[in-house]
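Enquirer: Need coordinates for the following:
(one chain, ligands or ions: 1)
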Amino acid sequence: MSYILFGHNFKKVYDENMSVAFISDLHLEPIENKKTFAFFDFLESAQEKYTALYILGDFFEYWVGDDDDELVNLEIKRQLKTATKNNLKIFFLHGNRDFLIGQKFEEDTGVQILKDKTLIQKNDHRILIAHGDAFCTDDIEYQNLKKELRSKAWQKKFLQKPLKERIKYAQDLRAESIEKSSNKPENIMDSNPDAISNAIIAHKADILVHGHTHRPEVSQAVNGSTKVVLGSWEDEGWVFEYDQTHFELKSFLI
Ligand SMILES: [Mn+2]
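Expert: Next comes the predicted model:
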């Protein structure tokens, strides 16, 4: 059995027979490309292989509101709906690109949104999941922007703008972020080791899984815990699989 911690109550989510999987940073765009098809293939096999799929943010390259009716986005939503109807539980954490995914998306797809830094209890393991940007505490400029964009006031104002204008804003922000990233030292954009340790200790986690930094690895962390960093889907896709007997970070060609 598995439990997810909501507030202070453990809630039973599903019976454990098969494995669960974690992915992030697909950065799907509103055009059909090899990544879109790789995800559709992945999702189809996921229904056979896993009881639950956790998408840890930046699933989309940008998301400007649940009213976005771009054809590719509609198709992605349709396939997610099929998967959840076929009893694959799908959970989603917001990334910095798709933090505007909301309630209508949940209703349209059957995907359930979880808070960043959610703790899942499975077997004897406490697995902490996060997008990962919250650990990049050295990038003060980014953290300040995040504070603004995640405020209710900013989001309310933004969502009232015409769709076209929102898409233009997202594209400008993306271009700006690419330019800024190229001017920042590598270590500033990586996770801060103390931020990682603090989160693991605070949640008494055995395993931490996050994405965002695009630096896939499995490593030892504080108090004998394990840190898993998912990779972004580019020429390879990445998935972290966990079941009762073992866990493994896998990559596959796309
Ligand atoms: Mn990210």
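Enquirer: Tell me the spatial nearest neighbour of residue 236, not counting adjacent residues.
Expert: Nearest non-adjacent residue to residue 236, counting by Cβ to Cβ, 6 or more residues apart in numbering: residue 251, 4.5 Å away. All C-beta atoms are positioned from the backbone trio N, CA, C, and that covers glycine.
Enquirer: Tell me how far that neighbour lies from the ion.
Expert: 18 Å (Cβ to the ion, to the nearest Å).
Enquirer: Helix or strand: which one has that residue?
Expert: Here residue 251 sits within strand 247-253, counting by DSSP states H and E.
Enquirer: neighbouring strands for that strand, and are they parallel or not?
Expert: Sheet pairing of strand 247-253 (DSSP bridges) gives strand 236-242 (antiparallel).
Enquirer: what does the average pLDDT come to for the strand it pairs with?
Expert: Mean pLDDT, strand 236-242: 96.
Enquirer: mind listing what the spatially most central residue of the chain touches?
Expert: Closest to where the C-alpha atoms of the chain average out (Cα atoms, centre = their mean) is residue 56, at 1.6 Å. By Cβ atoms under 8 Å, 6 or more residues apart in numbering, the residues touching residue 56 are 22-25, 93, 95, 129-132, 209-211, 230.
Enquirer: Could you report the separation of the nearest residue to residue 85 once chain neighbours are set aside from residue 23?
Expert: With sequence-adjacent residues excluded and distances taken as Cβ to Cβ, 6+ apart, residue 85 is closest to residue 110, at 6.6 Å. Distance, residue 110 to residue 23, using Cβ to Cβ, to the nearest Å: 17 Å.
Enquirer: Which one of the two is surrounded by more residues?
Expert: Between residue 110 and residue 23, counting by other Cβ atoms under 10 Å, residue 23 is the more crowded of the two (23 against 17).
Enquirer: Give me the local confidence score for that one.
Expert: Per the predicted model, pLDDT is 98 at residue 23.
Enquirer: so it touches residue 58, yeah?
Expert: No. Using Cβ atoms under 8 Å as the test, residue 23 is too far from residue 58 to be in contact (10.2 Å).
Enquirer: quick one: pLDDT of the residue lying closest to residue 229 once chain neighbours are set aside?
Expert: Spatial nearest neighbour of residue 229, chain neighbours left out: residue 217 (5.1 Å); criterion: Cβ to Cβ, 6+ apart. pLDDT, the model's per-residue confidence, is 95 for residue 217.
Enquirer: all helices of the stretch 1-150 of the chain, in order?
Expert: Counting by DSSP state H, counting those that start in this stretch, the stretch 1-150 of the chain has helices at residues 34-49, 71-85, 103-109, 140-149.
Enquirer: buried sites along the strand holding residue 251?
Expert: Neighbour counts using 16 or more other Cβ atoms under 10 Å place 247, 249 of strand 247-253 among the buried residues.
Enquirer: which residues are contacting it?
Expert: 207, 216-218, 228, 230-231, 235-241.
Enquirer: Around the ion, which positions in the chain sit nearby?
Expert: Counting by Cβ under 5 Å from the ion, the chain comes close to the ion at 58, 95-96, 212.
Enquirer: Name the nearest of those relative to residue 114.
Expert: Nearest to residue 114 among the residues of the chain next to the ion, counting by Cβ to Cβ, is residue 95 at 12.5 Å.
Enquirer: got the phi/psi numbers for the closest residue to the closest one other than its chain neighbours?
Expert: Sequence neighbours aside, residue 57 is the residue nearest to residue 95 in space, at 2.6 Å (criterion: Cβ to Cβ, 6+ apart). Note on residue 57: its backbone torsions stand at phi 90, psi 160 [degrees, to the nearest 10].
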